[in-house]
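Chemist: have a look; sequence and predicted model below, questions after that.
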Amino acid sequence: MPPDSTKYNDVDVTKKSMNKSIRVAVTGAAGNIGYALLWRIASGDCFGAAQPVNLQLLEIPPGMQRLEGVMMELNDSAFPLVHGIIGTDDPNIAFQDADVIFLVGSRPRTKDMDRSDLVAANGPIFVGQGKAIESVASRSVKVITVGNPCNTNALIACANAPSIPSRQFTAMTRLDQNRAVGQIAEHAGVPASDIRDVFIWGNHANTMYPDPRFATIEDVPVTDLFDIEWLQGQFIETVSARGKAIIVARGASSAASAASAAIDHMRDWWQGTNGRIVSMAIPSEGWYGVPKGLVFSFPCRCENGDIVVVEDLPIDAFAQSKIDENIAVLLEERDAVSELLGS
Ligand code: NAX
């Protein structure tokens with residue numbers, strides 16, 4: 001091994017081959033998703049084994065003591081790729097020069113809340129955080145919104161950061177995509193790695209449409225393998241109700257799988273998808289008839305740090321009805337938060 005190299009916790013740390021450290025901000029860092037997410041970022045799963053990170057962690061004041069504990073544990077993990085950690089309750093400090101921001105922190109939905117309560121409770125958080133992004137983040141920042149209702153929260157953050165290009169704001173539907181892949185893999189008795197090009201249209205909500213029409217298992221179309229009744233019935237129902245089923249089974253909402261999906265989303269955006277189609281909710285530019293600006297999950301590919309919507313897929317009557325249903329729900333959510341979208 002060269003003299004400036006060392007192997008530590010199974011990562012080869014060769015200083016000469018390392019990139020310059022990037023600043024990665026995570027909000028809600030002391031929450032359940034944060035607890036799973038931070039270790040995956042720190043180990044190199046997201047940005048690669050040659051990419052050091054400075055972690056900039058945001059909590060609200062009641063979460064600061066828990067955050068201190070999380071930071072102690074991160075320190076105790078002695079990750080070679082972690083070049084610094086700060087914890088703060090001020091978004092202007094957490095987002096300072098951030099290259100990547102994971103917007104996770106927000107209130108999870110409780111039994112007594114319906115979707116409009118959730119929009120009302122969490123929307124204002126993303127006004128303040130959008131403004132902080134506008135003021136202090138890197139101009140090329142990549143933002144993923146996980147906190148629910150994530151599509152509309154991304155819209156609010158984006159609207160409050162007018163000088164950052166809107167294509168740098170995304171919301172996460174990757175957990176829904178991964179759930180769809182998991183269902184197909186289980187149904188076919190194959191590993192998830194054999195399946196490609198399943199993706200989600202629309203909103204991260206129970207109206208989402210997991211589209212299996214272009215999916216393949218080892219190059220065989222999924223539509224040749226499974227009957228249409230299952231693909232348009234139980235498959236969609238299971239994927240869209242999966243979050244609730246996890247809460248019933250575990251007594252708590254999905255956290256490890258959500259963190260894993262956030263890593264998949266950002267890793268693909270950062271490192272590319274190598275031709276695969278993935279789901280990302282991004283501000284529409286009118287693709288597939290989705291009104292401009294609405295943060296909507298589309299089939300995407302990533303290359304050179306950019307997200308490109310796959311624009312030429314045929315839409316049948318069933319898919320169109322699902323897309324229309326999601327447009328209607330997202331327009332309603334947009335109307336409900338209109339006063340949070342700035343001028
Ligand atoms: P937790 O309640 O465990 O953690 C949330 C953390 O955010 C808490 O530590 C809280 O103090 C902090 N927080 C609240 N407001 C904040 C603010 N203004 N700034 C910074 N931090 C703040 O929830 P967790 O299970 O981690 O879930 C986080 C969010 O992800 C929820 O909104 C949840 O609904 C959402 N999810 C989104 C998913 C998706 O696929 N898009 C799936 C999983 C999850 O349900």
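Modeler: Nice, thanks for sending it over.
Chemist: which residues touch residue 108?
Modeler: By C-beta atoms under 8 Å, 6 or more residues apart in numbering, the contact list for residue 108 reads 148, 253. Heads up, the C-betas are built off the backbone N, CA and C, glycines and all.
Chemist: just the pLDDT for it.
Modeler: Model confidence at residue 108, given as pLDDT, is 74.
Chemist: so it sits in a strand?
Modeler: No - judged by DSSP: H, G, I helix; E, B strand; the rest coil, residue 108 forms no part of a strand; its state is coil.
Chemist: how close does residue 158 sit to residue 164?
Modeler: Distance of residue 158 to residue 164, given as C-beta to C-beta, to the nearest Å: 8 Å.
Chemist: who's more crowded, those two?
Modeler: More crowded of residue 158 and residue 164, by other C-beta atoms under 10 Å: residue 158, with 28 against 20.
Chemist: what residues does the helix or strand where that one lies touch?
Modeler: Element membership for residue 158, per DSSP states H and E: helix 150-159. Defining contact as C-beta under 8 Å, 6+ apart, one finds that helix 150-159 is touched by 103, 106, 119, 122-123, 125-127, 129-130, 133, 143, 145, 147, 164, 166, 169-172, 203-205, 281, 283, 293-297, 330, 333-334, 337, 340-342.
Chemist: do you have the helices of the stretch 151-300 of the chain handy? List them.
Modeler: For the stretch 151-300 of the chain, the helices defined by DSSP state H, counting those that start in this stretch occupy 174-188, 222-225, 228-232, 234-240, 242-250, 256-271.
Chemist: meant to ask about the stretch 1-150 of the chain
Modeler: Counting by DSSP H, counting those that start in this stretch, the helices of the stretch 1-150 of the chain are 32-42, 64-76, 91-94, 115-136, 150-159.
Chemist: of these, flag the one that's most buried.
Modeler: Comparing the helices of the stretch 1-150 of the chain by mean neighbour count (mean count of other C-beta atoms under 10 Å), helix 150-159 ranks first with a mean of 28.
Chemist: figure out which of the helices of the stretch 151-300 of the chain is closest to residue 26.
Modeler: Closest approach to residue 26 among the helices of the stretch 151-300 of the chain (C-beta to C-beta): helix 256-271, 9.3 Å.
Chemist: how near is the closest residue to the ligand within the stretch 201-343 of the chain to residue 27?
Modeler: Going by C-beta to the nearest ligand atom, the ligand is nearest to residue 258 of the stretch 201-343 of the chain, at 3.5 Å. Separation of residue 258 from residue 27 (C-beta to C-beta) stands at 14 Å.
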